[in-house]
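A.B. asks: Curious how this folds, go ahead:
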Amino acid sequence: MKTELNKKSNQTTVVIDVSYKVENNVVKDFIRDEHASTFFNLKDDGILRFEWYLNKEDKTGTLIEVFENSQVWEELGNKLIGSPINLRFRELFTIKKITVLGEISEAFKEKLKPMSPPIVKSYIGGIRQD
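C.D. replies: Next comes the predicted model:
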């Protein structure tokens with residue numbers, strides 16, 4: 001592997017922090033049986049990571065999504081906003097914060113505002129292994 005200093009990746013990472021009021025088993029079943037399987041069945045090579053983490057005591061969660069680039073995320077988002085899986089997500093969860101690590105278009109930022117205005121952070125520096 002080659003390590004480079006300050007080499008920007010085109011990947012877009014999305015971190016969605018949520019809370020919920022329903023029973024933990026309802027959320028767990030939704031994540032495993034519906035939400036994750038929906039993304040798995042898309043068979044989209046541009047989806048690099050889709051992982052949920054829950055804190056069952058305070059009923060909060062974090063969804064981490066990593067995409068090949070922002071275009072993959074925006075195309076997927078445009079397909080799924082308003083879809084049955086997205087509506088079910090919004091029934092179960094209250095979005096506390098959406099953090100986008102990478103660039104997204106102004107049009108997509110506007111589309112996300114009703115859910116939760118995203119906090120977008122641009123790359124500055126670091127290391128990357130290829």
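A.B. asks: Read off the pLDDT value for Ile119.
C.D. replies: On pLDDT, Ile119 comes in at 93.
A.B. asks: no wait, Lys2
C.D. replies: pLDDT for Lys2: 89.
A.B. asks: So it sits against Arg128, correct?
C.D. replies: No: counting by C-beta atoms under 8 Å, Lys2 stays clear of Arg128, with 9.0 Å between them. The C-beta positions use only the backbone N, C-alpha and C, and glycine is treated the same way.
A.B. asks: of these two, who's got more company?
C.D. replies: Neighbour count, other C-beta atoms under 10 Å: between Lys2 and Arg128, Arg128 has more, with 14 against 7.
A.B. asks: what kind of secondary structure is that one in?
C.D. replies: State at Arg128, reduced to three classes by DSSP: H, G, I helix; E, B strand; the rest coil: strand.
A.B. asks: Now do the residue lying closest to it once chain neighbours are set aside: how many residues are near it, please.
C.D. replies: Spatial nearest neighbour of Arg128, excluding adjacent residues (C-beta to C-beta, 6 or more residues apart in numbering): Lys7 at 4.4 Å. Neighbour count of Lys7, defined by other C-beta under 10 Å: 14.
A.B. asks: now swap in Pro84 and tell me
C.D. replies: Applying other C-beta under 10 Å, we find 10 residues neighbouring Pro84.
A.B. asks: What of the one 10 residues further on?
C.D. replies: Around Thr94 sit 12 other residues, with neighbours defined as other C-beta under 10 Å.
A.B. asks: Distance-wise, check it relative to Asp17.
C.D. replies: 10 Å (C-beta to C-beta, to the nearest Å).
A.B. asks: what do you get for Ala107?
C.D. replies: The span separating Ala107 from Asp17 equals 24 Å under the rule C-beta to C-beta.
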